[in-house]
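Undergrad: my questions concern the predicted model and sequence given below.
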Amino acid sequence: MRQGRRGGVEIIYDDGVARRMVWRVQGRVSENQLGEALSRAARQVKVVPALYAELRKRAIVVEAVLG
């Protein structure tokens, strides 16, 4: 998780080998809520699908950042 260039929150996933993905969080979201979603997803074998599921459960909207 980081502050983006425009001041919004971004989620970064990097598998350390081949994939790096960045999503921008849309709207205002509690840091605790987002942190819990990230923590639960990180404990799963398939992190990205788990992340999407955790974000969806909490109605946290993200958009993929290209480049």
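TA: Arrived safely, thanks for sending.
Undergrad: quick one, strands of the chain?
TA: Here the chain has its strands, by DSSP state E, at 2-3, 9-14, 20-26, 61-64.
Undergrad: for residue 47, find the nearest of the ones you listed.
TA: Closest approach to residue 47 among the strands of the chain is made by strand 9-14 (6.7 Å; C-beta to C-beta). Every C-beta, even on glycine, is put in place using the N, C-alpha and C of the backbone.
Undergrad: coming back round to it: need the strands of the chain in CSV (columns: distance to residue 33).
TA: Listed next are those as CSV, based on distance: least, C-beta to C-beta, whole Å:
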stretch, distance to residue 33
strand 2-3, 17
strand 9-14, 11
strand 20-26, 10
strand 61-64, 12
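Undergrad: quick one: which of these is nearest residue 44?
TA: Short answer: strand 9-14, nearest of the strands of the chain by C-beta to C-beta, at 12.3 Å.
Undergrad: may I see the buried residues of the closest one?
TA: Using 16 or more other C-beta atoms under 10 Å as the test for burial, strand 9-14 gives 9, 10, 11.
Undergrad: just the mean pLDDT for it, thanks.
TA: Mean pLDDT, strand 9-14: 91.
Undergrad: and it, what does it pack onto?
TA: Helices and strands touching strand 9-14, as assessed by 3 or more C-beta pairs under 8 Å, 6 or more residues apart in numbering; DSSP states H and E, comprise strand 2-3, strand 20-26, helix 31-42, helix 47-57.
Undergrad: list the contacts of that strand.
TA: 1-4, 19-25, 29, 34, 38, 47-48, 51, 62, 65 (C-beta atoms under 8 Å, 6 or more residues apart in numbering).
Undergrad: kindly export it (C-alpha atoms) in PDB.
TA: Backbone C-alpha positions of strand 9-14 (Å, rounded to 0.1, in the frame of the first residue of the first chain) are rendered in PDB as follows:
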ATOM      1  CA  VAL A   9      -4.100   5.100  -2.000                       C
ATOM      2  CA  GLU A  10      -2.600   2.500  -4.300                       C
ATOM      3  CA  ILE A  11      -2.200  -1.300  -3.700                       C
ATOM      4  CA  ILE A  12       0.900  -2.900  -5.200                       C
ATOM      5  CA  TYR A  13       1.300  -6.600  -5.800                       C
ATOM      6  CA  ASP A  14       4.700  -8.000  -6.800                       C
END
